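Asks: What follows is a predicted protein model with its sequence.
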Amino acid sequence: MSADMRLEELGVRGLNEVDELAFSGLAERHRRELHVHCYRMLGSFEDAEDTVQETFLRAWRRRETFEGRSTFRAWLYRIATNACLDLLAKCRPEPATGGEVPWLQPYPDRLLDELPAGDADEPETVAVARETIELAYLVAVQHLAPRPRAALILRDVLGWPAKDVADLLGDSVNSVNSALQRARAGLREHLPADRQDWTGDEDDAETRELVRRYTDASVATDVPALASMLRDDVRCSMPPTPGLYIGRDTVVNSWVEAGFEELEHLRAVPTSVNRQSAVAFYLWREREGAYLPLTIDVLRVTGGAITEIVTFHDDQFPRLGLPERLPADGTA
């Protein structure tokens, strides 16, 4: 049976008769969107990868449970959500004392581009898809208990009806609605104030110019220039390294104490992560005769100022599709 046949046309008997190769072909169509769903639930790219693999394994083993009352895609989402809940039940991490999420990992935009277009012409749909993948949203969601977290993502991000969410979670519609209210309240508590209405900044010329100036000042290790671009209440973190720095003076002092001004021979590569502007930095290593990965800064820009910097270590460069080294002339 061809793997590109619509599951809605197959029926229960047809799905049972699909061989493993054809089944894999059907499931693979949904890999990226399932991966993003698990990533929202878990906050970790690696854990999301493992959970999607577990989802496909469970789906193959339980294919007889697909009764055709929902789409194959929705059935996979059910399995993926339960796989996430099972993982969180076994080893649910807790955000650090300061509120940062040590297990947070970035998601490259080049992979987000693989998502189905969906209702791309609907501005509200585009805004939700974009802003619910931002790091600020991911961090806020990780503070929620697993089941309210699932209810929030299924209802507010994916747009599932309350009845379908209740069926998945084994609860009543009233219980789901109650959990959703708690989740929304928790989300507002942990989201930055300027992100609670989901009115994200556009990728305009002013923002691009600010990122360019930030990049140039960073390469020049010009701390006063960098400080001038930060909002008073800027937040800075570096997962998995503990520590959350809040406020311009606090952030700048942390840079000075870390010896940032003493760095020499930096190069930068602009990129985008989690639908946010990002800059990957490389440091000259004389022994290797090349610039090697150092860190990547993911920026949140609001009202013409940098309001948050999340810095990731060099181990994230391969996943983000960044060069493993830059030659002496600084080109990729």
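Replies: Ah, there it is. Residues are numbered from 1 along each chain as shown.
Asks: what is the mean pLDDT for the host helix or strand of Asp249?
Replies: Using DSSP states H and E, Asp249 maps to helix 248-257. When pLDDT is averaged over helix 248-257, the result is 96.
Asks: For it, which outside residues touch it?
Replies: The contact list for helix 248-257 (C-beta atoms under 8 Å, 6 or more residues apart in numbering) reads 223, 226-227, 230-236, 243, 245, 261, 309. Placement of C-beta: from N, CA and C, glycine included.
Asks: Pick the one among those closest to Arg155.
Replies: Checking those against Arg155 by C-beta to C-beta gives Arg235 as the nearest, at 27.7 Å.
Asks: Now do the contacts for the residue nearest to the closest one when sequence neighbours are not counted.
Replies: Excluding its sequence neighbours, the residue lying closest to Arg235 (C-beta to C-beta, 6 or more residues apart in numbering) is Glu308, at 4.7 Å. By C-beta under 8 Å, 6+ apart, the contact list for Glu308 reads 135-136, 192, 234-236, 299-300.
Asks: Tell me the bridge partners for Glu308.
Replies: Under DSSP bridges, the beta-bridge partners of Glu308 are Arg235, Arg300.
Asks: next one: Ala290
Replies: Going by DSSP bridges, Ala290 forms beta bridges with Arg285.
Asks: doesn't Pro327 make contact with it?
Replies: Yes - contact criterion C-beta atoms under 8 Å: Ala290 and Pro327 qualify, at 5.9 Å.
Asks: ok, these two, which is more surrounded?
Replies: Neighbour count, other C-beta atoms under 10 Å: between Ala290 and Pro327, Ala290 has more, with 17 against 12.
Asks: same question for stretch 290-303, mean pLDDT?
Replies: Summarised as a single mean, pLDDT over stretch 290-303 is 96.
Asks: remind me which residues of the chain are low pLDDT?
Replies: Applying pLDDT under 70 to the chain picks out residues 1-15, 118-127, 194-203, 330-332.
Asks: Need the CA coordinates for stretch 39-49. PDB is fine.
Replies: The C-alpha trace of stretch 39-49 is given here as PDB (Å, rounded to 0.1, in the frame of the first residue of the first chain):
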ATOM      1  CA  TYR A  39      10.000  21.100  22.200                       C
ATOM      2  CA  ARG A  40       7.400  23.500  23.500                       C
ATOM      3  CA  MET A  41       6.400  20.900  26.100                       C
ATOM      4  CA  LEU A  42       9.900  20.100  27.200                       C
ATOM      5  CA  GLY A  43      12.100  23.100  26.400                       C
ATOM      6  CA  SER A  44      14.900  20.800  25.200                       C
ATOM      7  CA  PHE A  45      15.700  20.100  21.600                       C
ATOM      8  CA  GLU A  46      17.400  16.800  22.500                       C
ATOM      9  CA  ASP A  47      14.600  15.600  24.700                       C
ATOM     10  CA  ALA A  48      12.100  16.500  21.900                       C
ATOM     11  CA  GLU A  49      14.100  14.400  19.500                       C
END
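Asks: Tell me which residues of it come out buried.
Replies: For stretch 39-49, burial by neighbour count (16 or more other C-beta atoms under 10 Å) applies to 39-45, 47-48.
Asks: And stretch 67-83, by the same measure?
Replies: By neighbour count on 16+ other C-beta under 10 Å, the buried set for stretch 67-83 is 68, 72-73, 75-83.
Asks: Secondary structure and distance to Gln53 for those residues - can I get that in JSON lines?
Replies: JSON lines is the format used below for these (DSSP: H, G, I helix; E, B strand; the rest coil; distance: C-beta to C-beta, whole Å):
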{"residue": "Gly68", "secondary structure": "coil", "distance to Gln53": "25"}
{"residue": "Phe72", "secondary structure": "helix", "distance to Gln53": "18"}
{"residue": "Arg73", "secondary structure": "helix", "distance to Gln53": "18"}
{"residue": "Trp75", "secondary structure": "helix", "distance to Gln53": "17"}
{"residue": "Leu76", "secondary structure": "helix", "distance to Gln53": "13"}
{"residue": "Tyr77", "secondary structure": "helix", "distance to Gln53": "16"}
{"residue": "Arg78", "secondary structure": "helix", "distance to Gln53": "17"}
{"residue": "Ile79", "secondary structure": "helix", "distance to Gln53": "12"}
{"residue": "Ala80", "secondary structure": "helix", "distance to Gln53": "11"}
{"residue": "Thr81", "secondary structure": "helix", "distance to Gln53": "15"}
{"residue": "Asn82", "secondary structure": "helix", "distance to Gln53": "15"}
{"residue": "Ala83", "secondary structure": "helix", "distance to Gln53": "9"}
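Asks: Determine which two of the residues you listed are furthest apart.
Replies: Farthest apart among the buried residues of stretch 67-83 by C-beta to C-beta are Gly68 and Ala83. That separation is 21.7 Å.
Asks: Okay, domains of the chain per the record?
Replies: 7-195, 205-316 (automatic domain parsing).
Asks: Between the two ends of the last one, how far is it?
Replies: With C-alpha to C-alpha, to the nearest Å as the measure, domain 205-316 spans 28 Å from end to end.
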